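Peer 1: coordinates only, sequence not included:
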């Protein structure tokens, strides 16, 4: 799950994704989470927790179900745009494998009970030395997770894990997390 | 260095990067090679070996020198487009840190003498168990390196290295290679 700090506007310009709430960054995260060289990771979903019209909503992409989505930023951004339109119209289902719903973080996270909730954090335990049970990763965007979110996460007993010595783009962190899981499988 | 299999056309559409010779993929590779969370990897350069007007040219981005480039696909693609325009006009320098030159692969690779030339390949030696001396990585795009290129590389005694059990997008492979180098530093 990616926590987006900047609000999104329905009808944003596909020609200026960085200026539209860093949608370029969100799109890259979806691409990193779901794409392999010649296909999609069917066992992975990614959830974008964004603000729109002063409400927090979750845009979910399911690797198992998505169709007609390609890994470039503009294409993924066009689906994010469609999701925002759906939200304004009161619809949850955007297309097969993509939905948008108004939901609070604690209620959303309830579905991950029994799984390891992982916060990627510099100074956390090295992922290569961490035992991770069916992990669900939570990342901030270009800014860290805000205090309020960290507070809400506390009761899920998240583990803090680091991926290496450098501070990375969120989309790159996802690639490294996947590689580690691929190697542990 | 990324070997691009599809020819590029000067004046391609920034609104259809996948349809313009997979420029989305090339842009993602530049982004993966050069960006950290809050800055650019000043110790890294990336070279795109592309075909334009039936000629092979190298578009180089120097992390040490680039300015006014951002990590989203469209922005990087706009610099690739400017580079192609420069080539048509007979200019090598696109802007500080970005240049385009007509050059054959063997002559280009001469500058890497003394460094380890690495071909990323499934079935190669695991990167985590490889000693790499000041490595220069060579990748194909969504297709593998063609036979002719592999032949030209032979005299540089490349090492074949693998990054993990899955077949990955080139841009994701770059992220993993960087992480390994970051950890070995």
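Peer 2: Good, I have the coordinates. Computed from a predicted structure; not experimentally measured.
Peer 1: show me which residues of chain A are close to chain B?
Peer 2: For chain A, the contact set with chain B under C-beta under 8 Å from any C-beta of the partner chain comprises A:14-15, A:17-18, A:24, A:28, A:31-32, A:35-38, A:70-75, A:142, A:163-169, A:172, A:175-176, A:178-179, A:182-183, A:185. Glycine gets a C-beta too; all of them are placed from N, C-alpha and C.
Peer 1: give me that answer again for 7 Å
Peer 2: Contacts of chain A with chain B, taken as C-beta under 7 Å from any C-beta of the partner chain, map to A:17-18, A:24, A:32, A:35-38, A:70-74, A:163-169, A:172, A:175-176, A:179, A:182-183.
Peer 1: mind giving me the PyMOL command for buried ones among the residues you listed?
Peer 2: Entered in PyMOL, the line below selects the buried ones among the residues of chain A next to chain B, by 16 or more other C-beta atoms under 10 Å in any protein chain shown:
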select buried, chain A and resi 17+24+32+35+36+71+72+73+74+163+164+166+168+169+172+175+176+179
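Peer 1: just the residues of chain A next to chain B: which are in helices?
Peer 2: Per DSSP state H, helices hold the following members of the residues of chain A next to chain B: A:24, A:32, A:73, A:74, A:172, A:175, A:176, A:179, A:182, A:183.
Peer 1: buried stuff in the lengthiest strand in chain A?
Peer 2: Counting by DSSP state E, the longest strand found in chain A is strand A:117-126. Neighbour-count burial for strand A:117-126 flags A:117, A:118, A:119, A:120, A:121, A:124 (criterion: 16+ other C-beta under 10 Å).
Peer 1: in its sheet, what does the helix or strand following it sit against?
Peer 2: Going down the chain from strand A:117-126, the next helix or strand is strand A:136-140, by DSSP states H and E. In the sheet, strand A:136-140 lines up against strand A:2-3 (parallel), strand A:117-126 (parallel) (DSSP bridges).
Peer 1: and the gap between the residue of chain A most remote from its centre and chain B?
Peer 2: Here chain A reaches farthest from its C-alpha mean at residue A:129, the gap being 23.7 Å by C-alpha atoms, centre = their mean. Taking C-beta to the nearest C-beta, to the nearest Å as the measure, residue A:129 falls 12 Å from chain B.
Peer 1: spit out the contact partners of that residue.
Peer 2: By C-beta atoms under 7 Å, 6 or more residues apart in numbering or on different chains, the contact list for residue A:129 is empty.
Peer 1: and what of residue A:123?
Peer 2: Each residue near residue A:123 by C-beta under 7 Å, 6+ apart is listed here: residue A:162.
Peer 1: pLDDT score assigned to the nearest residue to residue A:13 once chain neighbours are set aside?
Peer 2: Sequence neighbours aside, residue A:20 is the residue nearest to residue A:13 in space, at 6.0 Å (criterion: C-beta to C-beta, 6 or more residues apart in numbering or on different chains). At residue A:20, the model reports a pLDDT of 94.
Peer 1: relative to the whole chain's centre, how far out is the longest strand of chain A?
Peer 2: 16 Å (C-alpha atoms, centre = their mean, to the nearest Å).
Peer 1: that strand vs helix A:170-184, what angle?
Peer 2: Interaxial angle of strand A:117-126 relative to helix A:170-184 (axes from the mean of the first three to the mean of the last three C-alpha atoms, to 10 degrees): 80 degrees.
Peer 1: where do the strands sit along chain A?
Peer 2: Counting by DSSP E, chain A has strands at residues A:2-3, A:35-36, A:39-40, A:45-52, A:55-62, A:93-95, A:98-102, A:117-126, A:136-140, A:159-162.
Peer 1: paired strands for the third one, with orientation please.
Peer 2: Counting by DSSP bridges, the strands paired with strand A:39-40 are strand A:35-36 (antiparallel).
Peer 1: what's in contact with the partner strand?
Peer 2: Outside strand A:35-36, the residues touching it (C-beta under 7 Å, 6+ apart) are A:71, B:166, B:167, B:168, B:169.
Peer 1: would you reformat these as CSV and include distance to residue A:137?
Peer 2: Listed next are the contacts of strand A:35-36 as CSV, based on distance: C-beta to C-beta, whole Å:
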residue, distance to residue A:137
A:71, 19
B:166, 17
B:167, 22
B:168, 18
B:169, 19
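Peer 1: doesn't residue A:162 make contact with residue A:126?
Peer 2: Yes: counting by C-beta atoms under 7 Å, residue A:162 is a contact partner of residue A:126 at 5.9 Å.
Peer 1: TSV please, covering the strands paired with strand A:136-140 and showing mean pLDDT.
Peer 2: Putting those into TSV (pLDDT from 0 to 100) gives the following:
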stretch	mean pLDDT
strand A:2-3	96
strand A:117-126	92
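Peer 1: give me the spatial nearest neighbour of residue A:115, chain neighbours excluded.
Peer 2: Nearest to residue A:115 is residue A:134, by C-beta to C-beta, 6+ apart, at 4.5 Å.
Peer 1: next one: the one you found from chain B, what distance?
Peer 2: Counting by C-beta to the nearest C-beta, the gap from residue A:134 to chain B is 18 Å.
Peer 1: likewise residue A:94?
Peer 2: When C-beta to the nearest C-beta is the yardstick, residue A:94 and chain B sit 21 Å from each other.
Peer 1: quick one, what contacts that residue?
Peer 2: A:79, A:82, A:83, A:86, A:100.
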